[in-house]
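Student: Any chance you can model this:
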Amino acid sequence: MSEWPSALENFVSHCFQRANIESFPPGKKKELQKQLTQIINLAILENKLDSNNWSKQKLPIFGEARELELEQKMGNVYPITVSSRRSDLMHQEAVQPSEPLVPSGSQQKKKSRELRFKITKKSSVSPANKIQVACDLNCKLVGTNTSIEKDYYRLTSHPDPSMVRPLPILKKSLQHLYAKYQSLERFKALSKAEYSYFLNQLKSLRQDLTVQDIQNQFTVKVYEFNTQLAIQNEDFGELNQCLTQLAQLYSVSTMGHTYYYSDTGKYNQEHNCFLAKDLCEDRNHINMFKFTSYRILYFLLIDAPWELLKIRQDLFNRGQQYAIRHNKFLSKSFKLSDLITAMDYIHIKDEYSFLVNMDSDVCNLRTVFDDEHMTLSQDDWFFYKILYHKIFLREQLKALITISKSYRQISLYYLKNLLMDLVFLEQNKLSRFIENGEVFNCTSARSLLLQIEKKQLSKIDIKGQI
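Tutor: The predicted structure is shown next:
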């Protein structure tokens, strides 16, 4: 494998650096990339990739020439000077990744990172094939890999189609993961090895979707499945990524009819919204609302109330006022948010008790892939309960800490009504503060409660990291 000529690399690097310094807008940056591709293709076509004078090559986008032409004579490569005003570059979105710029006057030579559009080429490749390879950079990539399982690796260069799986193979891959998941004990957290396997395969699947710019119902199902696994295994970093991507996918205009709007197209001019009353039990809407409720619970868990306001406002803007009040997932999630804000621990316990004891039907979540079907049998509330339970445990501890600061001792009868049962005290070694089997010594338990809060309720940041 041989690399591009060093003069060409310097020329391309200089162009991108100049675009950053001159604050090119995104549209102009795309035009720069297009002109670079065209001039390289022209050099390949005329077999002047090595002989062209890249040090004096001019591009129309910089106002140096009216049309793309190659420089015929080879000259000395001029040094590339870079502005020392790093603050100007820090705020510019680079078209391609590059090393931090070295201030002028430094004796060290700046090493340019390999640009994303740069492709290594075999010495035996014909000029016609070189043209095709360079042109593919601006074309939509379609993978050719047929592997059902493929490990995830972070991309460091332009993706190779032979290493990317096309959509039909990706569908089979997801079916394969579903089948493996069905064979496991699905009602408890996966082992570390099992979860690592699923996460690796799903990240590889998501990467193949991203590099091929595939955003459709299948993409939604991939992220929904990944979200469920992240909830089940309390991987909040991965959960945040998936929920954020799902929120974007649900709002894609091409999928708007499926997720947001009535099939009948009824429109209420007075309230400026689509009538959502008949849509709250629609399967596609239930999925969208259900995963939105997961996002609400996640933001409750990391204590980010401003994000809840954004979700509520977004639903209002999309004409889903009725769903906020009547959809079973959204209504319960927003009600919990209101109770936590009011520090109403008694009603939080009542809501949790109702959720735990309710008879939830096991539903089949049918995913349609063209003429293929696959089903994932799971309790409709299973993953919702996992997040809700974690929030309830936190609120239990907050309630006990509040009581310990307000009372010297409290009746066990009242405490049981607040905590549902006394298992929480036993699990946290607080039962030793029960006196005469009737009262709980709040004063003595206060310091231990604060230690438990510091240990167990570590702050989870907005990215899901503890």
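Student: Helices of the stretch 151-300 of the chain, start to end?
Tutor: For the stretch 151-300 of the chain, the helices defined by DSSP state H, counting those that start in this stretch occupy 167-182, 192-211, 217-232, 236-250, 256-259, 283-301.
Student: and if you look at the stretch 301-450 of the chain?
Tutor: Under the criterion DSSP H, counting those that start in this stretch, the stretch 301-450 of the chain contains helices at 305-317, 321-326, 328-342, 345-357, 382-406, 412-419, 423-427, 442-456.
Student: Looking at those helices, which is nearest to residue 50?
Tutor: Closest to residue 50 of the helices of the stretch 301-450 of the chain, according to CB to CB: helix 305-317, at 54.6 Å. C-beta here means a position set from N, CA and C on the backbone, and glycine is covered the same way.
Student: Doesn't residue 49 lie inside a helix?
Tutor: No - counting by DSSP: H, G, I helix; E, B strand; the rest coil, residue 49 is located in no helix; its state is coil.
Student: show me what contacts the residue lying closest to it once chain neighbours are set aside?
Tutor: Once flanking residues are discounted, residue 49 sits nearest to residue 43: 4.7 Å by CB to CB, 6 or more residues apart in numbering. For residue 43, the contact set (CB atoms under 8 Å, 6 or more residues apart in numbering) comprises 8, 49, 52, 70.
Student: Kindly state the pLDDT recorded for the third one?
Tutor: On the pLDDT scale, residue 52 is placed at 86.
Student: swap in the first one?
Tutor: Confidence per residue is given as pLDDT, and for residue 8 that number is 86.
Student: which residue packs closest to it, ignoring adjacent ones?
Tutor: Counting by CB to CB, 6+ apart, the residue nearest residue 8 is residue 54, at 5.1 Å.
Student: gap between the residue nearest the centre of the chain and residue 248?
Tutor: Closest residue to the average C-alpha location of the chain: residue 241 at 2.7 Å, with CA atoms, centre = their mean. Using CB to CB, to the nearest Å, residue 241 is found at 11 Å from residue 248.
Student: ok, now residue 145?
Tutor: To residue 248, residue 145 is 26 Å away according to CB to CB.
Student: three-state assignment of residue 141?
Tutor: Classification of residue 141 using three-state DSSP returns coil.
Student: hang on, isn't it packed against residue 159?
Tutor: Yes - look at residue 141 against residue 159 with CB atoms under 8 Å: they come within range, at 6.2 Å.
Student: Which residues are in contact with each of the two?
Tutor: Common contact partners of residue 141 and residue 159 (CB under 8 Å, 6+ apart): residue 211.
Student: With neighbour numbers in mind, choose between residue 145 and residue 248.
Tutor: Remark: of residue 145 and residue 248, residue 145 carries more neighbours, 16 against 10, as counted by other CB atoms under 10 Å.
Student: these two touch, right, that one and residue 164?
Tutor: Yes - because the distance of 5.8 Å satisfies CB under 8 Å, residue 145 is recorded as touching residue 164.
Student: number of nearby residues for the residue lying closest to residue 450 once chain neighbours are set aside?
Tutor: Distance criterion CB to CB, 6+ apart; nearest residue to residue 450, sequence neighbours excluded, is residue 401 at 6.8 Å. For residue 401, the count of nearby residues is 18 (other CB under 10 Å).
Student: residues contacting residue 401?
Tutor: So residue 401 contacts 446, 449-450, 453 (CB under 8 Å, 6+ apart).
Student: at 10 Å what do you get?
Tutor: 442, 445-446, 449-450, 452-453, 457 (CB atoms under 10 Å, 6 or more residues apart in numbering).
Student: how near is residue 206 to residue 59?
Tutor: 36 Å.
Student: circling back to that earlier point, list residues touching both of residue 241 and residue 248?
Tutor: The overlap between the contact sets of residue 241 and residue 248 (CB under 10 Å, 6+ apart) consists of residue 223.
Student: What pLDDT does the model give residue 209?
Tutor: With respect to pLDDT, residue 209 scores 95.
Student: Just give the closest residue to it, not the sequence neighbours.
Tutor: Excluding its sequence neighbours, the residue lying closest to residue 209 (CB to CB, 6+ apart) is residue 219, at 5.4 Å.
Student: Am I right that residue 170 is in contact with residue 211?
Tutor: No - with contact defined as CB atoms under 10 Å, residue 170 does not count as touching residue 211 (11.5 Å).
Student: of those two, who's got more company?
Tutor: residue 170 (26 against 18).
Student: For the more buried one, give me its contacts.
Tutor: Contacts of residue 170 (CB under 10 Å, 6+ apart): 143, 145, 148, 150, 164, 204-206, 208-209, 212, 214, 218-219, 222, 369.
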